[in-house]
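A.B. asks: Predicted model follows, preceded by the sequence.
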Amino acid sequence: MGKLRILLLLLIVICITSCNINNGEYHIQTVEIPDNFTLEQKIELSAKVIPHSRQVKWFNDEFFGFIHFGPNTFTGREWGTGFENAAIFNPRNLDTDQWCRLMSEAGIKRAIVVAKHHEGFCLWQTRYTDFSVASSPWRDGQGDVIREMAASCQKYGLKMGIYLSPADLFQIESKDGLYNNGSQFTMREIPGVVNKRPFSDKRIFRFKLDDYNEYFMNQLFELLTEYGPVYEVWFDGANPKPGTSQVYNYDAWYSLIRELAPDAVIFGKGPDARWCGNEEGATRDYERNVIPIEKPPADFHWPDMMDDNIAGIDKITPYARFFHYYPAETNTSIRNGWFWRNDIEQQVKSADEIFDIYERSVGGNSVFLLNVPPDTLGRISNRDSAVLLEVGSRISDVYGKNLLSGGVTVSKNLLDSDNDTFWKAKGKNSEILIELDTLILLNRFMVQEAIALFGERVEEHHLEAWVNGHWEKIAEGATVGYKRILRFSPVKTSHLKLVITKSRLTPVISSLSAHYYEEPVRRVSVNQNQGGFIELEVEKMHQLNFQSNQNSNLNIYYTIDGTIPTEKSDQFTRPFILVNGGVILTRAIDGKRMGPVTEKRIGILKKRWEASDGNGLFSEAHKAIDGSTESCWASQTSDEWNTSLIIDMKQVNRISGFSYLPDKVNGFIEAFEVYISSNGKTWQKIHSGSFGNIRNDPSQRLVFFDKVYETRFFKLADLKPPHGENKISVSEIDIFPVVTNKKSSIR
């Protein structure tokens with residue numbers, strides 16, 4: 001039994017027998033469920049599990065930054081191969097100060113940097129491999145990205161976290177690689193001695209390890225002792241090469257982290273924080289942090305938890321033996337992909353989208369981890385910077401002031417903006433009345449429970465406002481936990497009432513606040529229906545308990561000649577067709593308020609087109625060009641044949657690129673080659689590429705060629721799915737014409 005297992009079991013026993021806070025029995029992070037407990041007793045027990053102090057600090061920081069940077073930045077891949085030449089890593093203007101300054105100005109409190117991704121390249125001067133910055137020309141082999149990042153975090157007041165990939169393709173593919181090399185688990189010392197490079201930290205640890213676990217823990221020791229303090233250690237469960245069955249000694253890893261970085265939250269394949277279940281910034285309506293598990297934490301393997309409901313009362317089954325405090329971290333990338341690829345094809349999320357995810361995650365009993373990848377120069381690009389700064393401005397403007405300040409309610413502790421003070425209700429169902437001297441205009445209401453002392457209890461609640469002489473329900477929500485932000489159409493009132501209708505135990509509320517967000521005019525979405533007609537509409541963003549207050553009389557304007565749309569441009573009144581494709585620029589305008597410009601490339605009209613697969617079959621392949629995102633062409637792949645999709649456009653067109661939309665259920669194309677032909681028999685290869693991270697981010701991908709080609713036939717060939725899969729699918733393919741600033745034919 002490992003050291004961590006013993007420590008965790010001792011902690012459970014101590015919590016069960018002697019942990020008393022405020023005359024009640026509360027349990028830090030974990031509690032064992034007694035055999036004879038009824039369901040009602042189990043429900044109440046779950047509400048007495050409180051977070052560890054490291055988790056409380058993690059929650060309080062709310063908004064984190066993620067930095068993916070490495071060889072993939074220079075190759076354009078999402079997952080490397082392990083065969084990269086270290087010389088490819090050579091950022092000419094690395095500026096970690098810029099990274100951290102931008103994140104700080106955006107309101108980010110923690111920055112997690114990828115020290116080693118799946119290809120195995122190390123961004124610090126490690127003692128244990130040459131596949132690192134030491135072998136690159138950058139700074140003549142003397143550079144150290146992690147050291148510069150640590151210094152910049154200190155300079156700008158950010159807490160640094162480390163991502164260290166357990167998977168390591170360099171160690172898998174190298175002739176003398178350590179990954180799953182057949183070595184035995186024996187007692188070994190961490191850190192391993194390296195001549196001429198002694199550690200200033202003289203602590204020695206002994207664990208039962210094989211060669212790769214020893215290598216991995218030596219690197220953990222380096223990062224946690226020479227680059228600290230470290231506040232989060234980020235593990236994922238990626239397996240870039242199925243069939244390599246390396247056993248990870250998680251117990252030993254956790255034990256070392258707890259000793260060297262006691263304030264560090266262990267994310268993912270660890271006991272402190274979990275993945276939200278997607279990489280798109282989607283959040284759950286019902287997010288609860290105390291989860292039922294069937295084994296003690298020391299024996300649990302921390303699988304991905306992706307269901308909509310993982311901790312509801314219906315999940316407290318007879319098989320549940322423990323309750324464990326295991327909150328969610330909502331992660332997404334500001335770009336289409338985790339690594340920077342380019343500033344032409346790679347889409348960047350708007351400030352509207354990022355602010356929306358911020359409110360849903362931080363305001364949905366989670367934290368928000370936003371990836372902002374630097375470019376090949378080593379800087380965050382202007383597009384990303386602008387979004388970050390705008391998001392930071394909105395967070396400060398909206399949530400920097402409590403509109404309830406000066407109001408009267410049942411306890412002054414509720415309005416003091418101090419999470420350490422609280423109000424405890426008299427029963428499970430309760431109401432909190434807030435009275436103000438003047439009318440306020442609000443469309444956001446924030447509630448926080450005193451989770452550090454009393455756990456999370458609220459199951460259902462709603463907000464009422466006194467409007468026109470009566471109480472009117474204006475928003476409702478489920479769990480609260482660390483924080484819940486209710487969003488609703490603007491209301492002007494001087495009296496508000498928070499009504500808690502269901503709670504596992506008597507609610508204990510620490511903070512209430514009200515806010516107003518002057519919502520910008522939203523962006524316009526451009527959609528092409530099955531008949532090829534283009535439809536424009538103001539986007540409805542994915543939001544919780546929120547009704548839009550956007551003016552239904554908004555006008556949408558657009559151009560197809562490359563100019564920025566104004567109120568003097570063409571107004572959208574009915575769907576239209578761009579026969580030859582092109583680029584649409586569009587925006588919504590509400591009086592003097594202008595929404596952001598949306599740019600959308602439109603493919604050539606697919607009238608009379610035909611599609612076939614590599615076997616000459618037409619019926620299913622046609623679904624790849626039928627204009628419907630509800631249908632798809634799907635195929636099995638094999639090393640024995642070349643899977644392909646052939647499109648006959650029926651006439652010669654000048655083409656500049658294409659777009660690919662996968663079907664989320666039937667598989668994904670990760671790698672591909674593009675061929676063209678004038679007769680469908682003789683083919684010319686014009687492009688090869690890959691769709692990075694397509695499985696976790698199945699959004700539409702754009703591909704542009706290095707020059708214009710004339711062709712009638714278009715073929716996607718040598719189609720490869722992500723590692724470990726044997727299915728591919730195409731929901732829709734569009735082929736782009738040459739873009740000029742001349743108007744395309746409209747009808």
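C.D. replies: Yep, that arrived.

A.B. asks: Would you map the helices across the protein?
C.D. replies: 3-18, 39-46, 53-61, 71-75, 96-105, 145-156, 169-173, 211-226, 250-260, 351-362, 382-399, 451-454 (DSSP state H).

A.B. asks: Format these as JSON lines; extra columns: distance to residue 526, mean pLDDT and mean neighbour count.
C.D. replies: Every C-beta, even on glycine, is put in place using the N, C-alpha and C of the backbone. What follows is the helices of the chain, written out as JSON lines (distance: least, Cβ to Cβ, whole Å; pLDDT from 0 to 100; neighbours: other Cβ atoms under 10 Å):
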{"stretch": "helix 3-18", "distance to residue 526": "52", "mean pLDDT": "41", "mean neighbour count": "15"}
{"stretch": "helix 39-46", "distance to residue 526": "46", "mean pLDDT": "95", "mean neighbour count": "16"}
{"stretch": "helix 53-61", "distance to residue 526": "37", "mean pLDDT": "97", "mean neighbour count": "19"}
{"stretch": "helix 71-75", "distance to residue 526": "30", "mean pLDDT": "95", "mean neighbour count": "22"}
{"stretch": "helix 96-105", "distance to residue 526": "30", "mean pLDDT": "98", "mean neighbour count": "21"}
{"stretch": "helix 145-156", "distance to residue 526": "38", "mean pLDDT": "98", "mean neighbour count": "20"}
{"stretch": "helix 169-173", "distance to residue 526": "39", "mean pLDDT": "95", "mean neighbour count": "22"}
{"stretch": "helix 211-226", "distance to residue 526": "45", "mean pLDDT": "98", "mean neighbour count": "22"}
{"stretch": "helix 250-260", "distance to residue 526": "47", "mean pLDDT": "96", "mean neighbour count": "21"}
{"stretch": "helix 351-362", "distance to residue 526": "16", "mean pLDDT": "94", "mean neighbour count": "23"}
{"stretch": "helix 382-399", "distance to residue 526": "19", "mean pLDDT": "96", "mean neighbour count": "18"}
{"stretch": "helix 451-454", "distance to residue 526": "43", "mean pLDDT": "96", "mean neighbour count": "22"}
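
A.B. asks: Nearest approach to residue 513 belongs to which of those helices?
C.D. replies: Closest approach to residue 513 among the helices of the chain is made by helix 382-399 (7.8 Å; Cβ to Cβ).

A.B. asks: okay, the angle between the closest one and helix 96-105?
C.D. replies: 30 degrees (axes from the mean of the first three to the mean of the last three Cα atoms, to 10 degrees).

A.B. asks: what angle sits between helix 382-399 and helix 351-362?
C.D. replies: Going by the same axes, to 10 degrees, helix 382-399 makes 50 degrees with helix 351-362.

A.B. asks: would JSON lines of the helices of the chain with distance to residue 600 be doable?
C.D. replies: Output for those, formatted as JSON lines (distance: least, Cβ to Cβ, whole Å):
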{"stretch": "helix 3-18", "distance to residue 600": "52"}
{"stretch": "helix 39-46", "distance to residue 600": "48"}
{"stretch": "helix 53-61", "distance to residue 600": "37"}
{"stretch": "helix 71-75", "distance to residue 600": "27"}
{"stretch": "helix 96-105", "distance to residue 600": "28"}
{"stretch": "helix 145-156", "distance to residue 600": "37"}
{"stretch": "helix 169-173", "distance to residue 600": "37"}
{"stretch": "helix 211-226", "distance to residue 600": "43"}
{"stretch": "helix 250-260", "distance to residue 600": "46"}
{"stretch": "helix 351-362", "distance to residue 600": "16"}
{"stretch": "helix 382-399", "distance to residue 600": "17"}
{"stretch": "helix 451-454", "distance to residue 600": "44"}
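
A.B. asks: quick one: which of the ones you listed is nearest residue 605?
C.D. replies: Here helix 351-362 is closest among the helices of the chain (Cβ to Cβ), at 29.8 Å.

A.B. asks: Residue 570: which of the helices of the chain is closest?
C.D. replies: That would be helix 351-362 among those, by Cβ to Cβ, at 23.9 Å.

A.B. asks: Only alpha carbons, please: show the closest one as PDB.
C.D. replies: What follows is helix 351-362, C-alpha atoms only, in PDB (Å, rounded to 0.1, in the frame of the first residue of the first chain):
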ATOM      1  CA  ALA A 351     -15.400  38.300 -26.300                       C
ATOM      2  CA  ASP A 352     -19.100  37.600 -26.200                       C
ATOM      3  CA  GLU A 353     -18.500  33.800 -26.300                       C
ATOM      4  CA  ILE A 354     -15.700  33.900 -23.700                       C
ATOM      5  CA  PHE A 355     -17.700  36.200 -21.300                       C
ATOM      6  CA  ASP A 356     -20.700  33.900 -21.700                       C
ATOM      7  CA  ILE A 357     -18.500  30.800 -20.700                       C
ATOM      8  CA  TYR A 358     -17.100  32.800 -17.800                       C
ATOM      9  CA  GLU A 359     -20.500  33.500 -16.400                       C
ATOM     10  CA  ARG A 360     -21.700  29.900 -16.900                       C
ATOM     11  CA  SER A 361     -18.600  28.300 -15.400                       C
ATOM     12  CA  VAL A 362     -17.600  30.600 -12.600                       C
END
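
A.B. asks: Identify the residues contacting that helix?
C.D. replies: Residues from elsewhere that reach helix 351-362 (Cβ atoms under 8 Å, 6 or more residues apart in numbering): 62-63, 276, 281, 283, 330, 332, 334, 367-368, 370, 386-387, 390-391, 394-395, 444, 483, 485, 487, 520, 522-523, 541-544, 596.

A.B. asks: residue contacts, residue 394?
C.D. replies: Residue 394 neighbours (Cβ under 8 Å, 6+ apart): 351, 355, 517.

A.B. asks: Could you export those residues as JSON lines, including distance to residue 708?
C.D. replies: Listed next are those as JSON lines, based on distance: Cβ to Cβ, whole Å:
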{"residue": "351", "distance to residue 708": "34"}
{"residue": "355", "distance to residue 708": "39"}
{"residue": "517", "distance to residue 708": "45"}
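
A.B. asks: Return a ChimeraX selection command for the buried portion of the contacts of helix 351-362.
C.D. replies: Only the buried entries of the contacts of helix 351-362 go into this ChimeraX selection, using 16 or more other Cβ atoms under 10 Å:
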select :62,63,276,281,283,330,332,334,367,368,370,387,390,391,394,395,444,483,485,487,520,522,523,541,544
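
A.B. asks: quick one: which of the contacts of helix 351-362 sit in strands?
C.D. replies: Residues from the contacts of helix 351-362 lying in strands, with DSSP state E as the criterion: 63, 330, 332, 367, 368, 370, 444, 485, 487.

A.B. asks: And those residues, which is closest to residue 217?
C.D. replies: For the ones in strands among the contacts of helix 351-362, the nearest to residue 217 is residue 367 (27.2 Å; Cβ to Cβ).

A.B. asks: which residues touch residue 664?
C.D. replies: residue 698.

A.B. asks: Pull up the gap between it and residue 697, please.
C.D. replies: Applying Cβ to Cβ, to the nearest Å, the value for residue 664 to residue 697 is 11 Å.

A.B. asks: One more: residue 683?
C.D. replies: 30 Å.

A.B. asks: And residue 669, by the same measure?
C.D. replies: The value you get for residue 669 to residue 697, if Cβ to Cβ is used, is 13 Å.

A.B. asks: the more surrounded of these two?
C.D. replies: residue 669 (23 against 20; other Cβ atoms under 10 Å).

A.B. asks: For the more buried one, what are phi and psi?
C.D. replies: phi -90, psi 120 (degrees, to the nearest 10).

A.B. asks: what's the distance between residue 387 and residue 370?
C.D. replies: With Cβ to Cβ as the criterion, residue 387 and residue 370 are 10 Å apart.

A.B. asks: Between the two, which contacts overlap?
C.D. replies: Going by Cβ under 8 Å, 6+ apart, residues that sit against residue 387 and also against residue 370 are 334, 354.

A.B. asks: All the strands of the stretch 201-350 of the chain, residue numbers only.
C.D. replies: 205-209, 230-234, 265-267, 274-275, 290-293, 322-325, 328-333 (DSSP state E, counting those that start in this stretch).

A.B. asks: Make TSV from those and add mean pLDDT and distance to residue 339 to it.
C.D. replies: Compiled in TSV, the strands of the stretch 201-350 of the chain are given as follows (pLDDT from 0 to 100; distance: least, Cβ to Cβ, whole Å):
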stretch	mean pLDDT	distance to residue 339
strand 205-209	98	31
strand 230-234	97	16
strand 265-267	96	19
strand 274-275	90	19
strand 290-293	94	32
strand 322-325	96	33
strand 328-333	94	9
